[in-house]
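**Student:** Just a sequence and a predicted model for now, questions to come.
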Amino acid sequence: MSAHATPIPMMSKKCGPLRGTANVPGDKSISHRSLILGAMAVGETHVTGLLEGDDVLDTAKAMRAFGATVTRHDDGSWTVQGVGVGGFAEPDGVIDCGNSGTGVRLIMGSMATSPITATFTGDASLNSRPMARVTDPLALFGAHSVGRAGGRLPMTIVGAQNPVPVRYVVPVPSAQVKSAVLLAGLNAPGKTVVIEQEATRDHTERMLAGFGADITVEDTNEGRVITLTGQPELKPQTIIVPRDPSSAAFPVCAALITEGSDVLVPNIGLNPTRAGLFTTLREMGADLTYENERVEGGEPVADLRARFSPNMVGIEVPPERAASMIDEYPILSVVAANATGQTVMRGVKELRVKESDRIDAMARGLRANGVEVEEGDDWWIVHGRGMGGVTGGAVCETFLDHRIAMSFVIMGFAAQNPVQVNDGAPITTSFPIFEGLMRDLGADIARI
């Protein structure tokens, strides 16, 4: 059962060509960071293109609870009147982050070096996810945390009275952990240093620089070394949020496996730390092209055109690419099921601790629909059945995970028999217009 609403079972069927323009929502990662850094700046930040999914709206509520003025205007734009670095007020109530691991971890980081206390909770999925990966480095600044067994929510964070800067090597590739440490470092004196051995999405670094923070990034023998000077006065910004590549993945992949399709997805952020899926699809033989490439707000952007690609082949995805496409492996596995040969995905243990155990969730659903899958702790292999070879006909459990739900809905477009999901309600956390957008392109999706 979804924690957000009554469960919404859905069914998708084999359909004709998907045609048209898919205006997907704004980038979720950049939307979260726009609100948080806007709240930590002095003055008014203006944001257009913000993703208005549940996850980001929960972050907006949290920033209001910490004292920022966050306003949505009639034209769809947002403003954030910030309180400055170290200016957060202690919230009166519990901070509910819904389904968002990104939101809760970044917000924890942003308040951990202020002398305030806050309690965090979420839905059933979020409350089952590990938080020690963030609270351990935050403790180095002087913050304290008390939560449920296994470092899980609900959890109370007592911010550091006298924070100290830290030097932290990120143990697993995680943009959330890196970003939480950098946000905490904003209110610590001196220089906070974060070292990541594998580059992860760098929206936090780019946006911190845009807000006027003193931050440097250097590639060394140790890895990628990020140095942030604490206690700056962040300057308010005007932010145009590019469209989300993780959301774009769904209409793009749907077009690749649905006969006769030709779909344009405009204004997609192509930050190199986020674009691994599109590189992988092209290596598999996808007819995927970039048009009108440009730079907007410091982020590379392009229009993506995806056409039906009946002759895709399985490949071994380089493990070092995992960080740049970690959220896209579920939908990649659907494409892999319609390719010829094996698609091998390694170095993906992070998938085990997402909104669900995504390796297990996808393996169960794929097998139920006639696709052979092998799996291990940090790898899985999908044995492709060729275009249109997926049997379908099964009900897939989504485990409160929006990306699992959307992936199996799309699988139905090319399967021999309809595919059902037990609950599509979580889709609203990241892609509230998914159903309408896909139907407008020609998809056959029904609530049942």
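**Tutor:** Okay, I see it. Numbering: from 1, shown residues only.

**Student:** For the stretch 51-200 of the chain, which segments are assigned as strands?
**Tutor:** When secondary structure is read from DSSP state E, counting those that start in this stretch, the stretch 51-200 of the chain shows strands at 69-72, 78-83, 95-96, 117-121, 144-148, 152-158, 167-170, 191-196.

**Student:** would you list those in a markdown table and tack on distance to residue 348 and mean pLDDT?
**Tutor:** C-beta: built from backbone N, CA, C; applies to glycine. Written out in a markdown table, the entries for the strands of the stretch 51-200 of the chain read as follows (distance: least, CB to CB, whole Å; pLDDT from 0 to 100):
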| stretch | distance to residue 348 | mean pLDDT |
| --- | --- | --- |
| strand 69-72 | 35 | 98 |
| strand 78-83 | 34 | 98 |
| strand 95-96 | 29 | 98 |
| strand 117-121 | 27 | 98 |
| strand 144-148 | 26 | 97 |
| strand 152-158 | 22 | 98 |
| strand 167-170 | 17 | 97 |
| strand 191-196 | 17 | 98 |
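
**Student:** Kindly reformat these as TSV containing distance to residue 426 and mean neighbour count.
**Tutor:** Supplementary listing: those in TSV, determined by distance: least, CB to CB, whole Å; neighbours: other CB atoms under 10 Å:
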stretch	distance to residue 426	mean neighbour count
strand 69-72	23	16
strand 78-83	24	21
strand 95-96	16	22
strand 117-121	17	19
strand 144-148	22	15
strand 152-158	17	19
strand 167-170	28	18
strand 191-196	29	21
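
**Student:** Turn those into TSV, columns for distance to residue 106.
**Tutor:** As requested, those are arranged in TSV below (distance: least, CB to CB, whole Å):
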stretch	distance to residue 106
strand 69-72	15
strand 78-83	15
strand 95-96	12
strand 117-121	11
strand 144-148	15
strand 152-158	13
strand 167-170	15
strand 191-196	14
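
**Student:** Could I get the full set of helices for the stretch 201-350 of the chain?
**Tutor:** Using DSSP state H, counting those that start in this stretch, the helices assigned to the stretch 201-350 of the chain run over residues 203-210, 245-257, 276-283, 329-337.

**Student:** What is the third one packed up against?
**Tutor:** Read that as helix 276-283. Contact here means 3 or more CB pairs under 8 Å, 6 or more residues apart in numbering; DSSP states H and E; on that basis helix 276-283 packs against helix 245-257, strand 287-296, helix 329-337.

**Student:** residue ranges with poor pLDDT in the stretch 51-200 of the chain?
**Tutor:** Low-confidence segments of the stretch 51-200 of the chain, defined by pLDDT under 70, are absent; every residue clears the threshold.

**Student:** Tell me where the stretch 251-400 of the chain is predicted with low confidence.
**Tutor:** Within the stretch 251-400 of the chain, the ranges that satisfy pLDDT under 70 run 297.

**Student:** which residues of it fall in strands?
**Tutor:** Taking DSSP E, counting those that start in this stretch as the criterion, the stretch 251-400 of the chain carries its strands at 262-269, 287-296, 299-307, 316-317, 340-346, 372-375, 379-385, 395-396.

**Student:** domains for the chain, by residue range?
**Tutor:** The record assigns the chain these domain ranges, following automatic domain parsing: 10-26+242-447, 28-229.

**Student:** wait, which of the helices of the stretch 201-350 of the chain is closest to residue 127?
**Tutor:** When these are compared by CB to CB, helix 329-337 sits nearest residue 127, at 21.5 Å.

**Student:** quick one: the closest one to helix 276-283, angle?
**Tutor:** Angle, helix 329-337 to helix 276-283, by axes from the mean of the first three to the mean of the last three CA atoms, to 10 degrees: 10 degrees.

**Student:** May I see the helices and strands packed on helix 276-283 arranged in TSV, with mean neighbour count as well?
**Tutor:** Listed next are those as TSV, based on neighbours: other CB atoms under 10 Å:
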stretch	mean neighbour count
helix 245-257	27
strand 287-296	13
helix 329-337	28
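
**Student:** Looking at the ones you listed, which is nearest to residue 98?
**Tutor:** Go through these one by one with CB to CB and the one that ends up closest to residue 98 is helix 245-257, at 17.3 Å.

**Student:** And the closest one, what does it pack against?
**Tutor:** Contact analysis of helix 245-257 by 3+ CB pairs under 8 Å, 6+ apart lists strand 262-269, helix 276-283, strand 287-296, strand 299-307, helix 329-337, helix 402-411, helix 434-441 as its packing neighbours.
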